[in-house]
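Participant: Provide a 3D model corresponding to the input given below.
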Amino acid sequence: MKLRWLLLFCLALPFWGEAQLETQQPEKRSHLAIQADAFWGFDGLGNYFYSKNNVLFKHHESGVLQYQNLPFGKLKSVDITQPLRPILFYENFNAVVVLDNFLNEIQVVEFSTIPTPIMITAVGMANQNRLWGYDAVMQQIGMYHLTTGSFSPIGNPVPGSWKYYQCAFNSLTWIDAQNHWKSITIYGHISDYGQLPEGMYYFVNENVVLVYNHETWTLLNRLTGKKSSFEIVEKSVKNFSCNDQILSIFTAEGITNYKITVP
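Facilitator: The predicted structure follows:
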């Protein structure tokens, strides 16, 4: 009986707890000096998305585009899962704006005025012209259909607050209040991959998460159990993203890119 309980306890431990830690030396590639309040990501096509005073900027070496929605006010988040169709979230107005590649409005959705109103606190692009959404009232993850204007809950209710979330076409992944790495598929299947260390997070892909804590960066692969760590001295990191093994770090001085190896 004792052996059985010990086995169950070991299986409950995060897979990266005993993984061998590898180290790497990132290569500094470039720096973009900007003045911004928030950095929303680098899309791998040469475009940086950031905002200042609730104005969204799309920066490319060939020029800068911008978008602002004065009536909606504060910009809560920008999802660039599909970089040609950015999704802007205005939480105070319970609304999203869908833009095109040139930051022109395609569609505006106010969730308080749809046939069955919902209160959205997390949103992002999914597949087949749909949006991921989390209804805080029903504590339910679902899909909002941009063509029909309907919201379809999927899976079981998910109570509790989230520290971080990220959308992909076929899944939504988040960190809950207890630092558990969880995800849900478009079919409603929810997975819990264990507890992550404290820090800031970014999901490099569905299997790898990047954790930043006090100048130390750690890549964790849930499938292989591999851990890779490195140090980058960038003061006061505000946010970061990782695309095609390029780590983009946002600080008060701008965005600095490093080449890293994803395990």
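
Participant: helix or strand for the nearest residue to residue 240 once chain neighbours are set aside, which one?
Facilitator: In space, residue 240 comes closest to residue 249 once its chain neighbours are excluded; the distance is 4.8 Å by Cβ to Cβ, 6 or more residues apart in numbering. Backbone N, C-alpha and C define where each C-beta goes, glycine included. Per DSSP states H and E: residue 249 is located in strand 246-251.

Participant: list the neighbouring strands of that strand plus their orientation.
Facilitator: With DSSP bridges as the test, strand 246-251 is paired with strand 239-243 (antiparallel), strand 254-259 (antiparallel).

Participant: pLDDT on that strand, on average?
Facilitator: When pLDDT is averaged over strand 246-251, the result is 97.

Participant: for that strand, give me every contacting residue.
Facilitator: Residues outside strand 246-251 that contact it (Cβ atoms under 8 Å, 6 or more residues apart in numbering): 26, 29, 36, 39, 41-42, 44, 48, 50, 210, 217, 232, 234-242, 255-260.

Participant: how about stretch 113-125?
Facilitator: Contacts for stretch 113-125 (Cβ under 8 Å, 6+ apart): 77, 79, 81-82, 85, 87, 89, 91, 94, 96, 111-112, 131-138, 142, 144, 149-151, 162, 165-167, 169, 172, 174.

Participant: which among those count as buried?
Facilitator: For these, a neighbour count by 16 or more other Cβ atoms under 10 Å gives the buried set as 77, 79, 81-82, 85, 87, 89, 91, 94, 96, 111, 131-135, 142, 144, 151, 165-167, 172, 174.

Participant: tell me which of the residues you listed fall in strands.
Facilitator: 77, 79, 87, 89, 96, 131-135, 142, 144, 151, 165-167, 172, 174 (DSSP state E).

Participant: quick one: the residue nearest to residue 252 when sequence neighbours are not counted and residue 217, what's the gap?
Facilitator: Leaving aside its chain neighbours, residue 252 sits nearest to residue 236 (6.0 Å; criterion: Cβ to Cβ, 6+ apart). According to Cβ to Cβ, to the nearest Å, residue 236 stands 15 Å off from residue 217.

Participant: beta partners for the residue lying closest to residue 203 once chain neighbours are set aside?
Facilitator: Nearest residue to residue 203 in three dimensions, chain neighbours excluded: residue 166, at 4.6 Å (Cβ to Cβ, 6+ apart). Note on residue 166: beta-bridge partners by DSSP bridges are residue 173.

Participant: ok, which stretches of the stretch 151-263 of the chain are strands?
Facilitator: Ranges of strands within the stretch 151-263 of the chain are 151-153, 162-167, 171-176, 180-185, 190-195, 200-203, 208-213, 216-221, 227-231, 239-243, 246-251, 254-259, based on DSSP state E, counting those that start in this stretch.
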